[in-house]
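Visitor: The following block contains a protein sequence and its predicted model.
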Amino acid sequence: MDRLFVRLCPLCATILKRVSSESGSRIYGKRWNAFIVVRPASSSADPLQWKTKKIDMTDFPLERVRNFSIIAHVDHGKSTLADRLLELTGTISTAMKNEQVLDKLQVERERGITVKAQTASLIYDYNGTTYLLNLIDTPGHVDFHYEVSRSLAACQGVILLVDANQGVQAQTVANFYLAFEAELTIIPVMNKIDLKVARPDVVTKQMENLFDFHRDEILRISAKKGLGVEEVLKAVVEKIPPPKGDVNAPLKALIFDSCYEKYRGAMCSIAMRDGSIKKGQKVMCVHSKKTYEIQEVGIMYPNEVPTEVLLAGHVGYLYANLKSTDEAQIGDTLCNPKHPVEPLPGFKPAKAMVFAGIFPMDQSEFPGLKSALDKLLLNDSSVDVNVDSSAALGQGWRLGFLGLLHMDVFCQRLEQEYDASVIITTPNVPYKVKISGAKNIKQYHGDELTILNPCLLPEANMVVQYQEPMVLATIISPDDYVGEIISLIMDRRGEQKEQLYIDDKRIMFKAVFPLNEIIVDFFDHLKSVTSGYASFDYEDNGYREANLIKISILLNGREVDELTQIAHASRARTVAKRMVNKLKEAIPPQLFEIVIQAKIGAKVIARENIKATRKDVLAKCYGGDITRKMKLLRRQAEGKKKMRRIGNIDIPKEAFINVLKR
Ligand SMILES: Nc1nc2c(ncn2[C@@H]2O[C@H](COP(=O)(O)OP(=O)(O)OP(=O)(O)O)[C@@H](O)[C@H]2O)c(=O)[nH]1
């Protein structure tokens with residue numbers, strides 16, 4: 001089976017232009033309709049001679065559908081394997097070798113990591129039957145695990161990929177349990193067997209010990225070289241059960257993802273459970289009770305390819321004039337308004353681990369930033385949103401993220417995809433406090449408060465108990481570094497719970513940590529003490545009582561709310577000193593002296609000064625060409641754009657985050 005790319009006239013659907021799959025691959029990314037091409041027996045090399053047939057979804061009843069995800073630790077080769085599967089089934093051309101076509105976002109390409117799960121449908125001939133395989137490529141980093149858990153709701157099975165050199169890592173364990181608890185069929189696959197340093201026998205043993213796989217069922221492949229990849233496709237068809245559903249029952253479909261398309265509104269990724277859905281049909285969102293008319297349905301092949309219909313068991317997309325996050329709620333169930341159904345279980349809301357204030361660089365940019373946020377939130381439902389305001393930065397939001405990388409990627413996407421530049425305040429974890437006498441104070445609505453913004457920590461005399469969030473962490477490392485890891489755990493107020501050999505050399509630690517101690521740079525430190533060999537993952541582990549203190553930062557006597565922090569009493573002095581020192585490094589000298597102070601209550605516990613400086617950038621530029629002067633002034637103006645003025649002091653954007661680093 002070959003493919004032909006054609007562009008259709010939007011009005012009369014006549015073919016305007018066609019190209020073969022080879023050259024078609026070069027126009028990847030543009031809006032082309034893909035057709036399956038049946039090459040006649042007397043096949044001509046000229047694709048224009050071939051007959052074309054549009055993808056007919058009725059060719060794929062439940063028993064011919066397989067829905068699966070690829071899950072693995074970071075960099076174990078998920079996107080590379082997805083590429084090979086797309087090539088092998090002719091969905092993309094082999095000319096696009098190692099392009100990682102499912103990493104579509106600019107931020108994914110720049111950073112070389114997957115941050116957004118992507119669906120692609122493959123059409124695969126096996127033993128004389130044609131199957132529709134719906135593949136979801138997922139991110140590996142812990143900050144994006146919500147994408148993985150949602151993707152699994154659309155699948156009946158997973159490929160668990162393990163690097164043949166690195167072996168089982170912390171996220172491999174976390175992802176295995178996600179799939180195991182969802183009762184999905186797990187196909188174990190060892191990747192990168194082409195590497196000279198591959199250790200297939202050791203890794204097989206790890207997979208046997210930890211996950212109870214039988215050595216014979218572990219497929220050995222090289223996604224990069226394409227070795228053994230066909231076996232993976234066969235295993236998907238043979239081992240993963242087809243989805244359950246009833247095509248004759250009333251419509252029931254789960255919205256498991258959504259993203260914003262500039263001119264068409266929200267595109268929803270849906271997993272069809274029962275019934276069918278087609279253009280022009282009316283659908284109702286079970287939770288919001290709103291009704292919409294379907295404008296388009298289709299499958300990702302690997303870009304959007306419209307189809308006549310989607311049937312029970314299929315995974316595809318739809319457009320229905322949904323415009324905002326409130327309308328396209330991920331986890332909602334779609335049904336026929338005339339035949340309401342019980343909602344599907346949906347998803348547990350994501351639990352934000354770090355909160356930070358997000359403000360426009362300039363208040364005049366507030367409406368633009370609001371609309372950009374609305375659109376990006378459609379792409380990323382794991383962000384927690386609360387309106388916030390600050391005396392210095394004006395109107396903004398306090399957003400909750402799954403980690404600092406998540407926050408960084410979100411802000412980069414705001415800038416790259418929506419041209420919205422933001423200022424982020426110092427991130428903090430959500431604390432809880434129990435207070436007394438709350439009934440008499442209007443702003444508190446109960447005796448237990450969750451503190452998303454450190455400035456709002458009530459006065460110590462009102463607080464009966466402070467609590468800090470905890471996480472259960474998994475660390476996997478060679479046993480040469482046991483001493484270093486244990487001292488790092490202790491240094492971060494961690495409590496070791498378990499230590500287990502996963503093979504002759506590698507050891508897995510389980511430890512409980514205060515979230516505050518690991519959120520910023522724990523992983524960097526872990527990597528540096530283990531020469532880069534350790535991996536790390538964590539999950540929520542509730543709250544624990546703690547002795548907490550608020551640290552306020554003052555610049556020239558004025559308290560800067562955006563830099564306020566809450567710290568454990570035993571660390572408060574160290575944290576305060578570090579923040580003051582970091583600010584001294586970060587804030588450039590200005591025309592007047594700047595005094596930086598850290599205060600606990602009324603007591604100043606750390607102080608640094610930044611001496612005044614001449615700011616005349618042209619001072620050293622005697623005479624000379626005017627263009628040189630212009631260049632210096634331009635450079636100064638550009639530098640200023642990256643600063644935020646608080647009072648009369650210019651603070652670089654990054655300073656708000658860097659103050660937390662050790
Ligand atoms: N030698 C070798 N390298 C491979 C193989 N598969 C993937 N790689 C390389 O491993 C690196 C990571 O591959 P990706 O496919 O981006 O890994 P990933 O799991 O999708 O990464 P994240 O999405 O960021 O978690 C890339 O440099 C690939 O070229 C393989 O079979 N052999």
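Guide: Okay, I see it. Residues are numbered from 1 along each chain as shown.

Visitor: Excluding covalently adjacent residues, which one is nearest to the residue in the stretch 251-400 of the chain positioned nearest to the ligand?
Guide: Closest approach between the stretch 251-400 of the chain and the ligand, counting by C-beta to the nearest ligand atom: P302, at 14.9 Å. For glycine as for every other residue, the C-beta is placed from the backbone atoms N, C-alpha and C. Once flanking residues are discounted, P302 sits nearest to A120: 4.1 Å by C-beta to C-beta, 6 or more residues apart in numbering.

Visitor: Show me what the helix or strand hosting that neighbour is packed against.
Guide: Assigned by DSSP states H and E, A120 falls within strand 118-126. With contacts taken as 3 or more C-beta pairs under 8 Å, 6 or more residues apart in numbering; DSSP states H and E, strand 118-126 sits against helix 78-88, strand 129-137, helix 229-239, strand 296-300, strand 315-319.

Visitor: what angle do the third one and strand 129-137 make?
Guide: In terms of direction (axes from the mean of the first three to the mean of the last three C-alpha atoms, to 10 degrees), helix 229-239 departs from strand 129-137 by 100 degrees.

Visitor: quick one: buried residues of helix 229-239?
Guide: Counting neighbours by 16 or more other C-beta atoms under 10 Å, one finds that the buried residues in helix 229-239 are V229, V232, L233, A235, V236, V237.

Visitor: my guess is the fifth one contacts I159, does it?
Guide: This points to V236. Yes - at 7.3 Å, V236 counts as touching I159 under the criterion of C-beta atoms under 8 Å.

Visitor: returning to what we had before: could you report the separation of the residue nearest to P302 from L554?
Guide: Separation of A120 from L554 (C-beta to C-beta, to the nearest Å): 54 Å.

Visitor: Mind checking which of those two has more residues around it?
Guide: A120 (24 against 17; other C-beta atoms under 10 Å).

Visitor: ok, back up a step: so which bits of the strand holding A120 are buried?
Guide: Q118, T119, A120, S121, L122, I123, Y124.

Visitor: Please name the bridge partners of the first one.
Guide: When assigned by DSSP bridges, Q118 has beta-bridge partners D137.

Visitor: Look at it and report its pLDDT.
Guide: pLDDT for Q118: 83.

Visitor: Up against the ligand, what does the protein have?
Guide: Within reach of the ligand by C-beta under 6 Å from any ligand atom, the chain has these residues: 72, 74-80, 98, 100, 113-114, 139-140, 191-192, 194-195, 222-224.

Visitor: again, 5 Å this time
Guide: 74-80, 113-114, 140, 191-192, 194-195, 222-224 (C-beta under 5 Å from any ligand atom).

Visitor: Buried among the residues you listed? Make that a ChimeraX selection.
Guide: Entered in ChimeraX, the line below selects the buried ones among the residues of the chain next to the ligand, by 16+ other C-beta under 10 Å:
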select :74,75,76,77,78,79,80,113,114,140,191,192,222,223,224
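
Visitor: Among the residues of the chain next to the ligand, which lie within strands?
Guide: Among the residues of the chain next to the ligand, the ones falling in strands (DSSP state E) are N191.

Visitor: mind listing the strands in the stretch 451-600 of the chain by residue range?
Guide: Counting by DSSP state E, counting those that start in this stretch, one finds strands in the stretch 451-600 of the chain at the ranges 463-478, 495-501, 506-514, 535-545, 548-555, 558-559, 565-568, 594-600.
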